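A.B. asks: Any chance you could fold what I've pasted below:
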Amino acid sequence: MNPWLLILLLVLLAAFLFIWSEQQKRRTGLPQGKVIYADSDQWQTVTQPLYDPQLKLTGKPDYIVRLPSGMQVPVEVKSTPAPAQPYANHIMQLAAYCLLLERESGQRPPYGLLRYREKTFQVDYTSELEQALLALVEEIREVECHGVAPARSHTEASRCRGCGYREICDMRL
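C.D. replies: Residues are numbered from 1 along each chain as shown. Alright, predicted model coming up:
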């Protein structure tokens with residue numbers, strides 16, 4: 001085989017693989033930047049969860065991306081189809097990751113990303129969202145302190161099976 005033809009084929013293959021990898025990266029919903037944390041052993045050794053000793057709150061976002069500006073943002077990936085608007089519980093989960101990331105890094109993330117199967121939502125980490133999260137954490141602590149489960153808000157037995165309040169709940173399915 002002609003060496004120039006082989007070189008041309010290798011260059012074309014490299015270009016194809018580069019374009020394909022860029023398309024795959026866009027499909028993940030991750031922003032431009034460097035993944036510095038992943039809750040998956042496919043990218044790196046799984047690192048320690050984020051932890052705030054003051055709130056006794058811990059969490060592991062799916063990814064933390066360092067943007068070109070140097071800011072870090074958490075990314076939470078959901079396997080479900082995208083709703084019209086992100087679910088409130090997903091927003092609170094992402095807000096918790098923003099708070100934990102701020103406490104860990106000393107830099108407040110401007111937003112977090114919720115990635116559903118085919119759509120990514122940017123959720124601004126505002127002081128109002130932070131206050132709503134802190135109020136929710138306080139409410140959960142009160143419930144735990146008094147041993148009373150919150151009112152059931154669904155009719156799905158599968159959600160009850162995975163609930164942390166199942167042992168004390170008198171409304172479980």
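A.B. asks: roughly how far apart are the most centrally placed residue in the chain and residue 18?
C.D. replies: Centre of the chain computed as the mean C-alpha position; nearest residue by Cα atoms, centre = their mean is residue 76, 1.6 Å away. Distance, residue 76 to residue 18, using Cβ to Cβ, to the nearest Å: 28 Å. In short, each C-beta sits where N, CA and C put it, glycine included.
A.B. asks: now do residue 1
C.D. replies: As judged by Cβ to Cβ, residue 1 and residue 18 stand 24 Å apart.
A.B. asks: measure stretch 70-84 end to end?
C.D. replies: 31 Å (Cα to Cα, to the nearest Å).
A.B. asks: Buried residues, that stretch. List them.
C.D. replies: Buried residues in stretch 70-84, counted by 16 or more other Cβ atoms under 10 Å: 72, 73, 74, 75, 76, 77, 78.
A.B. asks: Please narrow the residues you listed to those residing in strands.
C.D. replies: Here DSSP state E is the test, and those give 72, 73, 74, 75, 76, 77 as lying in strands.
A.B. asks: Touching, the third one and residue 110? I think so.
C.D. replies: In this case it means residue 74. No: between residue 74 and residue 110 there is no contact under Cβ atoms under 8 Å: 11.3 Å.
A.B. asks: Could you verify my assumption that residue 132 touches residue 96?
C.D. replies: No: taking contacts as Cβ under 8 Å, residue 132 lies outside contact range of residue 96: 11.0 Å.
A.B. asks: Please identify which of those two sits among more neighbours.
C.D. replies: Taking other Cβ atoms under 10 Å, residue 132 and residue 96 do not tie; residue 96 has more neighbours (24 against 15).
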